[in-house]
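K.L.:
Quick one, fold the following:
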Amino acid sequence: MSLKKRIASLAICGTLVLGSINFAFADGARVVTIGVNNTPEQRATILKYFGVNENEVVILEVNNQEERKYLEGVATEAQLGKKTYSCAYVEPTKAGSGINVKTANLTWLTSSMVASTLATTGMTDADVVVASTFPVSGTGVSGLRI
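P.N.:
Alright, predicted model coming up:
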């Protein structure tokens, strides 16, 4: 599949997922998605990396079934794997600041793919960090619901 088709497919699946909880941003809430297979220590490390406390953000857990639901046919079997470790942090920013994406430890998902998906959902201004405590494809971010 061409890169253009992959990005379009990711944008389509992202629109389905990302459009599912627009309410979280109605009041400027910050959202964190965490792969369910992270240990408590990994979860704490990710939250620290994002610079947030668990009680200060909306936290959504993402599992491998969700990854498969939205990315089968876009990501390979090896990229989807059997467990979900990818995590993401999204914070709405002031109008005109754009979508700024930072990634860490991702081997497949790119900042451009994330920004494109968010833009497809209508988001225009946010700071986003997508990361894992060790190298992963990043497909767990398919559960990023904004």
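K.L.:
okay, CA-based contacts and neighbour counts for the rest of this
P.N.:
Noted.
K.L.:
How much space separates V32 from T76?
P.N.:
Counting by Cα to Cα, to the nearest Å, the gap from V32 to T76 is 25 Å.
K.L.:
For the residue nearest to I34 when sequence neighbours are not counted, give its distance to D125.
P.N.:
Spatial nearest neighbour of I34, excluding adjacent residues (Cα to Cα, 6 or more residues apart in numbering): C87 at 4.5 Å. Counting by Cα to Cα, the separation of C87 from D125 is 20 Å.
K.L.:
Low-confidence stretches in the chain?
P.N.:
Applying pLDDT under 70 to the chain picks out residues 1-28, 142-146.
K.L.:
Which residue ranges of it form helices?
P.N.:
Applying DSSP state H to the chain gives helices spanning 3-18, 23-26, 40-50, 64-71, 77-80, 111-120.
K.L.:
gap between the fourth one and the chain center?
P.N.:
By that I understand helix 64-71. Helix 64-71 has its average C-alpha position 13 Å from the chain's average C-alpha position, going by Cα atoms, centre = their mean, to the nearest Å.
K.L.:
Format the CA atom coordinates belonging to it as CSV.
P.N.:
In CSV, the C-alpha atoms belonging to helix 64-71 read as follows (Å, rounded to 0.1, in the frame of the first residue of the first chain):
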residue,chain,number,x,y,z
ASN,A,64,-5.0,-4.5,20.9
GLN,A,65,-8.5,-5.3,19.8
GLU,A,66,-9.0,-1.5,19.2
GLU,A,67,-5.8,-1.3,17.3
ARG,A,68,-6.9,-4.1,15.0
LYS,A,69,-10.4,-2.6,14.6
TYR,A,70,-9.0,0.6,13.2
LEU,A,71,-5.8,-0.4,11.6
